[in-house]
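structure of the sequence below:
(chains A, B, C and D)
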There are 2 protein chains.
Amino acid sequence: MPHPVEAVGACPISPVVDLVFSRWSTPILWVLKEHGRQRFVQIQRRLSGITPKVLTQRLRQLERDGLVTRSYHAEIPPRVEYEISDLGRTLGPVFAVLTEWSDTHFTRVETARHAYDTADRPLPA
Amino acid sequence: MPHPVEAVGACPISPVVDLVFSRWSTPILWVLKEHGRQRFVQIQRRLSGITPKVLTQRLRQLERDGLVTRSYHAEIPPRVEYEISDLGRTLGPVFAVLTEWSDTHFTRVETARHAYDTADRPLPA
DNA sequence: CAGTATCCGTCTCGATACTG
DNA sequence: CAGTATCGAGACGGATACTG
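The predicted structure is shown next:
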């Protein structure tokens, strides 16, 4: 389920968010970036348990968006390899900034959550 | 619907993605960053039609995560104001990089989509 | 104003089974 | 191996109505 289009007017980066941060997209791009070209089952194993249906859906979307390339080799058994594209590699700085933010600020989020959960607040009941 | 936890092992930025790029989170943070402290209905109007239920849900989550602060003023009528927190403001570079990526690369995505959609491919039927 | 309560449609995911 | 087909379950969002 993509982000609503109505939000684009208020938030110009919504299209990119849909593109890169849809469910499973980021982990798939990440493993392709980290481990290079690989086959369908290898990706599936690294994402520990994603079903073939969902993996196929996401890979097709990423291929359509030009972030991933698919190469089919008509052998027996058939061999299909996926690789992050040049366009996909340009996302490197995006991931780098997110990694850096996570390393420096994520503990503050966890602290905030804990504080919120243990705060005295008027009971909803 | 958060990203699956199983993906975290393969992709360390999954928690941040859930935090910042969950549905509606980015647009809400964006309008708070752009237009400063504002009331519930103002946010609702800028996001053109988000329902109060959903807006409440997301604001609560962002408040719990420490990205947004909520201030309640017991007046008649009641007044509640939301503001991006200091922690939320540290996301500035993240948004900046995404904006830059969008400006320089998004047309290539659209080109790729068009090429994919008009490509001759064996019919699925 | 700032929400909450309820109902409902949709979408997606997950599990399972099957095919070239 | 690399998917496709089908089914069912559940989360989530949208619309509407109501409250302090």
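
for A:I13, give me its contacts.
By C-beta atoms under 8 Å, 6 or more residues apart in numbering or on different chains, the contact list for A:I13 reads B:26, B:30, B:95, B:98-99, B:102. All C-beta spots, glycine's among them, are computed from the backbone N, C-alpha and C.

hmm, try it at 6 Å
With contact taken as C-beta atoms under 6 Å, 6 or more residues apart in numbering or on different chains, A:I13 is in contact with B:98-99, B:102.

closest one of the residues you listed to DNA strand D?
In terms of C-beta to the nearest atom of the strand, no member of these lies closer to DNA strand D than B:L98, at 19.9 Å.

around the closest one, count how many other residues there are.
Neighbourhood size, B:L98 [other C-beta atoms under 10 Å in any protein chain shown]: 24.

from B:A112, how far off is A:E83?
Plainly put, A:E83 is 15 Å away from B:A112 if you go by C-beta to C-beta, to the nearest Å.

with adjacent residues omitted, what lies nearest to A:G36?
A:E83 (7.1 Å; C-beta to C-beta, 6 or more residues apart in numbering or on different chains).

helix, strand or coil for the one you found?
The local conformation at A:E83, judged by DSSP: H, G, I helix; E, B strand; the rest coil, is strand.

just the element for A:A112, please.
helix A:92-118 (DSSP states H and E).

list the buried residues of that helix.
Under the neighbour-count criterion of 16 or more other C-beta atoms under 10 Å in any protein chain shown, helix A:92-118 has A:94-95, A:97-98, A:101-102, A:105, A:108-109, A:112 buried.
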